Structures are given as structure tokens and as C-alpha cells.
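For reference, the sequence and a predicted model appear below.
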Amino acid sequence: MNIRESTEQWEEEYLSPYASFSKNSRGREREETPCDIRTAYQRDRDRIIHCKAFRRLKHKTQVFLAPEGDHYRTRLTHTLEVSQIARTIAKSLRMNEDLTEAIALSHDLGHTPFGHSGEAVLDKICSEGFAHYKQSVRVVEVLEKEGKGLNLTWEVRDGILNHRTSGHPSTLEGCIVRLSDKIAYINHDIDDAIRAKMFVEEDLPECYTGILGHSVRERLNNMIHDIIDNSYEKKEIVMSPGMEEAMKGLRTWMFEHVYKSDIPKAEEGKAQHLIVMLFRYYMENPDMLPEEYRLLTEGREESLERAVCDYIAGMSDSYAIDKFEELFVPKAWKSV
């Protein structure tokens, strides 16, 4: 018995009967020889960590566009916080922690530069539409490794696709990530907004904080405990009705007072205009696309619109700004 087989046996003996066992995975689109050390989900996690799209998350907006302070969240730090919360819940419930981590680390790989404002404008200008959760699946299935994709297991791809609010993951590990995503962004966005002096902790509605907690630390602790207490030894991942309603209410309050407020939105119009200009430029000049994206239209016979969306969505905030300046901002003339 090798190390992987030993781990698979341990999963069957220790994990909850409702967990997703590695040996029972529905597999990959392309069959592979199993690793002698790592389970299928451990291999997925490692591939995600080492892929280019994961590294680019460090320069992609979470809420505040291209923030100058060192302590504001980026899409990468958000991803790591989701992973930490999800792994804590999964381990406590005896779910498959490796599958949970793989879904958490990859759930936002398809996010555009400039956060949801970038996603919204791409969806508007592309006739085929654009959604970050679908793009995240496209990243791991098509765009990584020069068009070969990462060949992840079905369970990880299902978790990525269904992490959104209206999603219905097929595994309990996917359900954990779906809830952990909300817990993470609500709380760390409050922390960032307080750092930006948009409001103070005491401004948050007592009708929600009285249930959830009066600090980021309290809220995280209470919400995580609530999920564990209400989901232990059950075939579902749920929060208590009161806690869930308070979380939804605070999320709605954040949309009204943070996500749609003037401070994070101050540069949104410029960012969206930048994306529109880049989109039009590459639609009119497809030869200027990098070769890997041109091959999508040639080898895979996909539309130019989709290839342009793929390229722009993959850009970090800083790269998109640099490209815009390179293409549209006149350079100062210098004598030789």
C-alpha cells in the first residue's frame, strides 16, 4: 500500500459518511495515472497554487481599486481567508479538507481586473456575456497550461461553478466554500472600510451585530461556530435561521454603504472605460493578442469576443493600466 492509498483508507475510516472520499471522485476529463503520494484532491490543490492565474490574484481588486495601502485586501488575500475559514469548518465537520481547500483556492481565478465593476462591464459589452464563476471554470479547463487546462476533478470544478450565492454545489465541501466566501468578504470588507475611514464599528446596525458580534473577530468566531453546531453529523451545511438572516441583512447593508458608495466607486467609471477601450482595440486588432489567445480562435474555433474577454479578464489591475497607457496615452517626444 502506497502513501496515497493509505490516505484514502484513512479518509474512509475517519471522515464523516457525508464527506467526499478521494477514491470515489468522478474523475477528470482526461484520465491520468494516480499519484503514489497525493490523493486526487491534493493534486488539484497543488496545481491551483502553482498556476499563473492564482499568482495574478495578488494584483486584482477586491473592493478598493488598486489600493496604495499595504493592508487592504486583494483578490488573493480574500482567497486565502476563504480557504482558512472553509478548512476550519471542513475539519471540524470531518469533511474532506483537501477538496474544500482546492475549491476555495480556485473559486475566484476568473475574476477580472477592478473587481465586480470589471466583471459588469465585460458582461455588458460582450454579446456572449461574462460571469466570473464561469470564467473561473474556463481558466482551469481551457486557459491554463497553454490551452490544456489543469485537468481538475469534477468535484472541484463543480464547487467553483456553484460558489456564487445562487449556486447549489453537489458536495458538502462545495457548500462549505460557498458560505465561507460570504463570511470572509463581509467581514474583511468591513475591516477595509473601517481602515478607509468610511465608518466605524459602532455605525454597523445593532440589529445585526447584536447577533453576529461587535468586531470582525467576534463575527468570524460566532458565524463559524454556528455553521459547525448546526451542520455536525448532518447531510447539509447550514446556519441557524437567526444567524443567516443577520448575515444577509449585514450583507445588504454593506452593499448600500460600501460597495455602492462614492469611495470605492470613485474610479469605477474610469476603470470600466479602460476595459471598454481595451476590448474595442483587440476586437479591431486581433493580431495584437498574445499567441495563446489567438490560438483559441484558430485551434479551438472559438469567437474572437471570447478570446478578447479571456485576455482582459486575466489581466491584473496594474497590467490593464499599463496596457491602456501603452496603447492610448501619447509618449513624450525625446530628442536623440
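Ah, there it is.

In this structure, what helix or strand scores lowest on average pLDDT?
helix 262-265 (a mean of 67; mean pLDDT, DSSP states H and E).

Rounded mean pLDDT for the helix or strand following that one, please.
Later in the chain than helix 262-265, the nearest helix or strand by DSSP states H and E is helix 268-284. Mean pLDDT, helix 268-284: 95.

Show me what counts as buried in helix 268-284.
The neighbour-count check on helix 268-284 (16 or more other Cβ atoms under 10 Å) flags 268, 271-272, 274-275, 278-279, 282 as buried. No exception for glycine: its C-beta is placed from N, CA and C like everyone else's.

Contact partners for the residue positioned nearest the centre of the chain?
The chain has Asp108 as the residue nearest its centroid, 1.8 Å off, counting by Cα atoms, centre = their mean. Applying Cβ atoms under 8 Å, 6 or more residues apart in numbering to Asp108 gives the contacts 57, 75, 78-79, 132, 136.

and with 10 Å instead?
53-54, 57, 60, 62, 75-76, 78-79, 82, 132-133, 135-136, 139, 160, 163, 181 (Cβ atoms under 10 Å, 6 or more residues apart in numbering).

And for His50?
144, 150.

my guess is Glu31 meets Ala40, correct?
No: contact criterion Cβ atoms under 10 Å: Glu31 and Ala40 do not qualify, at 11.5 Å.

Can you tell me the SS state at Met95?
coil (DSSP: H, G, I helix; E, B strand; the rest coil).

Quick check: it touching Tyr41?
No: checked against Cβ under 10 Å, the pair Met95 and Tyr41 is beyond contact range at 11.2 Å.

Can you report how many residues lie near Trp253?
Residues lying near Trp253 (other Cβ atoms under 10 Å) number 17.

secondary structure class for it?
helix.

For Thr61, give me its contacts.
So Thr61 contacts 67, 72-75, 111-118, 264, 267, 271, 316-317 (Cβ under 10 Å, 6+ apart).

Next one, pLDDT for the residue nearest to it when sequence neighbours are not counted please.
Distances taken as Cβ to Cβ, 6 or more residues apart in numbering place Gly115 nearest to Thr61, at 4.0 Å, with adjacent residues excluded. pLDDT for Gly115: 88.

Tell me, how many residues neighbour Gly115?
23.

For Phe279, see how far away it is.
According to Cβ to Cβ, to the nearest Å, Gly115 and Phe279 sit 17 Å apart.

Could you pull out the strands in this structure for me?
Counting by DSSP state E, the chain has no strands at all.

so where is it shaky, pLDDT-wise?
64-69, 263-266, 335-336 (pLDDT under 70).

what's the neighbour count on His59?
His59: 17 neighbours (other Cβ under 10 Å).

Touching, it and Ala53? I think so.
No: using Cβ under 10 Å, His59 is not in contact with Ala53, being 11.9 Å away.

Roughly how far does the closest residue to Asp46 other than its chain neighbours sit from Lys91?
Setting aside the residues directly before and after it, Asp46 is nearest to Arg38 in space (Cβ to Cβ, 6+ apart), at 7.0 Å. Distance from Arg38 to Lys91, counting by Cβ to Cβ: 18 Å.
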